[in-house]
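Asks: Need a 3D model of the following:
(chains A and B)
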Amino acid sequence: GAGVSQSPSNKVTEKGKDVELRCDPISGHTALYWYRQRLGQGLEFLIYFQGNSAPDKSGLPSDRFSAERTGESVSTLTIQRTQQEDSAVYLCASSLGVIYRTDTQYFGPGTRLTVL
Amino acid sequence: DAKTTQPTSMDCAEGRAANLPCNHSTISGNEYVYWYRQIHSQGPQYIIHGLKNNETNEMASLIITEDRKSSTLILPHATLRDTAVYYCIVRVGDYKLSFGAGTTVTVRA
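Replies: Numbering: from 1, shown residues only, chains lettered A, B, ... in the order given. Predicted coordinates for the structure are as follows:
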């Protein structure tokens, strides 16, 4: 079946511009996650959605970052006034839902963001 | 979550089985062992997970010792496309995934 998809796959932007990153989770997955991975680094948790609600936004680095999810499906991560330190791969994952003890997260291919 | 220890790197010949060890001596009774891998420039890929029993799927087998203090991921017939960093983690319910350094597996022709 279809996995998690993300778009665009690559995004190059100029410092100060806004960007929107999109994630389409696996159909039927109620939980959705955004992570960031800088070059050569580990996963950095950003935000978690259960349905359309975000009970945990603790990983968002600043108020320039926001995310929403609609229809318990597509999610958009928006970065306003991008800075060079925002350059990274932004990964989306989805899962059935955290009520399941073995809630397995499946990742998308990521969006590589480069801020010039 | 319990910490895991994996070798930094290992080589494997194409077509042979690759056995990737992982130590998790402080694992709790309700924590699962999960394996992911990350091929260069791609998102992490789920491989397999288990609690006590050995598990097998189309990608790999997971062998967990009886005391659950260690496990081995087996790729039965490694191909060049299996070259990746392999991560072993133990978790229960924690949705904030984090990976350690993992094992860099290089499959050679």
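Asks: Contact partners for the residue in chain B that chain A sits nearest to?
Replies: Closest approach between chain B and chain A, counting by CB to the nearest CB: residue B:43, at 3.8 Å. (C-beta placed from N, C-alpha, C; glycine too.) By CB atoms under 8 Å, 6 or more residues apart in numbering or on different chains, residue B:43 lies in contact with A:4, A:6, A:89, A:91, A:93, A:107-110.
Asks: the strands in the chain, which residues?
Replies: Reading this off chain A. Applying DSSP state E to chain A gives strands spanning A:5-7, A:10-13, A:19-24, A:31-37, A:44-50, A:53-56, A:65-69, A:75-79, A:88-95, A:106-107, A:111-115.
Asks: Sorry, I should have been clearer: chain B.
Replies: Using DSSP E, strands in chain B cover B:9-13, B:18-23, B:32-38, B:45-50, B:55-56, B:61-64, B:70-75, B:84-91, B:103-108.
Asks: Tabulate those strands (JSON lines), appending mean pLDDT.
Replies: Shown next, in JSON lines, are these (pLDDT from 0 to 100):
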{"stretch": "strand B:9-13", "mean pLDDT": "96"}
{"stretch": "strand B:18-23", "mean pLDDT": "97"}
{"stretch": "strand B:32-38", "mean pLDDT": "95"}
{"stretch": "strand B:45-50", "mean pLDDT": "96"}
{"stretch": "strand B:55-56", "mean pLDDT": "96"}
{"stretch": "strand B:61-64", "mean pLDDT": "98"}
{"stretch": "strand B:70-75", "mean pLDDT": "97"}
{"stretch": "strand B:84-91", "mean pLDDT": "94"}
{"stretch": "strand B:103-108", "mean pLDDT": "97"}
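Asks: Figure out which of these is closest to residue A:80.
Replies: strand B:32-38 (28.9 Å; CB to CB).
Asks: Tell me the gap between the closest one and the middle of its chain.
Replies: For strand B:32-38, the separation from the chain centroid amounts to 5 Å (computed by CA atoms, centre = their mean, to the nearest Å).
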